[in-house]
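Visitor: Structure, please.
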Amino acid sequence: MQVDTRYHPSPDQLAVASAMDESLASLLPLSRLHAAQVEDAQTWSSLEEIGIFGIGLREDQGGSGLGVVEEALIVRQLGQRLASPAVLATVASAHAMSAKGMHGRRVAAAWRRADRVLVVEDAGTDLVLVRDEAGAALYDRGSCSARTIDSRLWLAELREALVTGAPAAHLDASESLRLRLLDAAALAGIAQGALEMAVAYAGLREQFGRPIGSFQALKHHCANMAIAARCARDQTNFAAVALDEGREDTVLQVESALFVAGTAAIENAGKNIQIHGGIGFSDEADPHLLLKRAQLLLTIAGGLEAASERIANTKAGW
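Guide: Below you'll find the predicted structure:
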């Protein structure tokens, strides 16, 4: 490996992502998820107006002309604010749709296990991104008939679908790798969101006349969460830079990012509920939202075991 290998985003790239986060903060408050599990029409329109769905597309394709690093940084912010799986799937499908002249359409997320296809329902979508161990492909919604199998436990309406007909587009190997990077970025965002929520509550809630964050046991929990969130963020950044530069270690970095970020998201979301105590388990509070969304996104991405196997089978490239 060369000495001048870069692992971190540049200050300019971080500044672009920071500017976008100011808009996302007002568009995607967590409180919205207590009323609806998907984004409303106004939110979709606002996300389109600020360029979320064309981050990585060239300007002549109607995009912003930014790179993979900026895209991953912004998707991490979307993950932290629990953007719907359809929003994330639409961002991730932008290149495949542009190549087929379908840019501007909305995409639902789905995954295949054996003969079953489960779709995260979103009425505003007209394409479905179906993922399995072999890769991912886009299908028209008209080719998917479905029945609801759950509408409560996963912070989503899950429908079992029968997918028929040929796909409208396939994601090639590079697009599939980028898709897993964006999975990692969204999960890293959830890990960070859980950390910030836990720290804020630990400084606010008092017992015995002191903030509970002053107790050693909770300090340890928050410190471990901070380390996990930092590792998820840094590994995702490493992977994004490697993919942007076309480095030989790209596959290893991306697969590692998905494993590290997925682990951090699940563990931090669980610790956040624990730090909140009894209220953390209540439906009216926010902590359970992060755990449910982390579980859903990780399942769509194929799970930690599959990521671990891919890491074991990946040549380092250095």
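
Visitor: Buried residues, stretch 296-307. List them.
Guide: If you call a residue buried by 16 or more other Cβ atoms under 10 Å, then stretch 296-307 has these buried ones: Leu296, Leu297, Leu298, Thr299, Ile300, Ala301, Gly302, Gly303, Ala307. All C-beta spots, glycine's among them, are computed from the backbone N, C-alpha and C.

Visitor: Helix, strand, or coil at Val128?
Guide: Under DSSP: H, G, I helix; E, B strand; the rest coil, Val128 falls in the strand class.

Visitor: Any figure for the gap between it and Leu88?
Guide: Separation of Val128 from Leu88 (Cβ to Cβ, to the nearest Å) stands at 14 Å.

Visitor: And the strands in the chain?
Guide: For the chain, the strands defined by DSSP state E cover 107-113, 116-120, 127-132, 135-140, 144-150, 158-163, 169-170, 206-207, 210-211.

Visitor: For Arg233, which of these is the nearest?
Guide: Arg233 lies closest to strand 107-113 among those, at 22.9 Å (Cβ to Cβ).

Visitor: so what does that closest one touch, helix or strand wise?
Guide: Counting contacts by 3 or more Cβ pairs under 8 Å, 6 or more residues apart in numbering; DSSP states H and E, strand 107-113 is packed against helix 85-92, strand 116-120, strand 127-132, helix 287-300.

Visitor: for the stretch 101-250 of the chain, what are the low-confidence residue spans?
Guide: Applying pLDDT under 70 to the stretch 101-250 of the chain picks out residues 143-145, 206, 213-214.

Visitor: before we move on, the earlier item: mind putting the helices and strands packed on strand 107-113 into CSV with distance to Asn272?
Guide: Formatted as CSV, those follow (distance: least, Cβ to Cβ, whole Å):
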stretch, distance to Asn272
helix 85-92, 21
strand 116-120, 23
strand 127-132, 27
helix 287-300, 5
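
Visitor: what's the most buried one of those?
Guide: Most buried of the helices and strands packed on strand 107-113, by mean neighbour count (mean count of other Cβ atoms under 10 Å): helix 85-92, with a mean of 26.

Visitor: any idea of the mean pLDDT for that helix?
Guide: Helix 85-92 shows a mean pLDDT of 96.

Visitor: Mind giving me the packing neighbours of it?
Guide: Judged by 3+ Cβ pairs under 8 Å, 6+ apart, helix 85-92 is in contact with helix 68-80, strand 107-113, helix 173-204, helix 287-300.

Visitor: Can you redo those as a markdown table, where the extra columns are distance to Asn313?
Guide: Below are those laid out as a markdown table (distance: least, Cβ to Cβ, whole Å):
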| stretch | distance to Asn313 |
| --- | --- |
| helix 68-80 | 23 |
| strand 107-113 | 20 |
| helix 173-204 | 14 |
| helix 287-300 | 20 |
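
Visitor: Pick the most buried one from the ones you listed.
Guide: Compared across those, helix 68-80 shows the largest average neighbour count, a mean of 26 (mean count of other Cβ under 10 Å).

Visitor: Dump the C-alpha coordinates for stretch 225-242 into PDB.
Guide: Extracted in PDB, the C-alpha atoms of stretch 225-242 (Å, rounded to 0.1, in the frame of the first residue of the first chain):
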ATOM      1  CA  MET A 225     -21.600   3.800  22.500                       C
ATOM      2  CA  ALA A 226     -19.300   6.600  21.500                       C
ATOM      3  CA  ILE A 227     -16.500   4.300  20.500                       C
ATOM      4  CA  ALA A 228     -18.900   2.100  18.500                       C
ATOM      5  CA  ALA A 229     -20.400   5.100  16.700                       C
ATOM      6  CA  ARG A 230     -16.900   6.500  15.900                       C
ATOM      7  CA  CYS A 231     -15.700   3.200  14.500                       C
ATOM      8  CA  ALA A 232     -18.800   2.900  12.300                       C
ATOM      9  CA  ARG A 233     -18.300   6.400  11.100                       C
ATOM     10  CA  ASP A 234     -14.600   6.100  10.400                       C
ATOM     11  CA  GLN A 235     -14.800   2.700   8.700                       C
ATOM     12  CA  THR A 236     -17.600   4.000   6.500                       C
ATOM     13  CA  ASN A 237     -15.500   7.000   5.600                       C
ATOM     14  CA  PHE A 238     -12.500   4.700   4.800                       C
ATOM     15  CA  ALA A 239     -14.700   2.700   2.500                       C
ATOM     16  CA  ALA A 240     -16.200   5.700   0.800                       C
ATOM     17  CA  VAL A 241     -12.800   7.200   0.000                       C
ATOM     18  CA  ALA A 242     -11.500   3.800  -1.200                       C
END
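
Visitor: List the buried residues in stretch 58-71.
Guide: Within stretch 58-71, the residues that count as buried by 16+ other Cβ under 10 Å are Gln61, Gly63, Ser64, Leu66, Gly67, Val68, Val69, Glu70, Glu71.

Visitor: ugh, wrong one, stretch 151-160
Guide: Trp154, Leu155, Ala156, Glu157, Leu158, Arg159.
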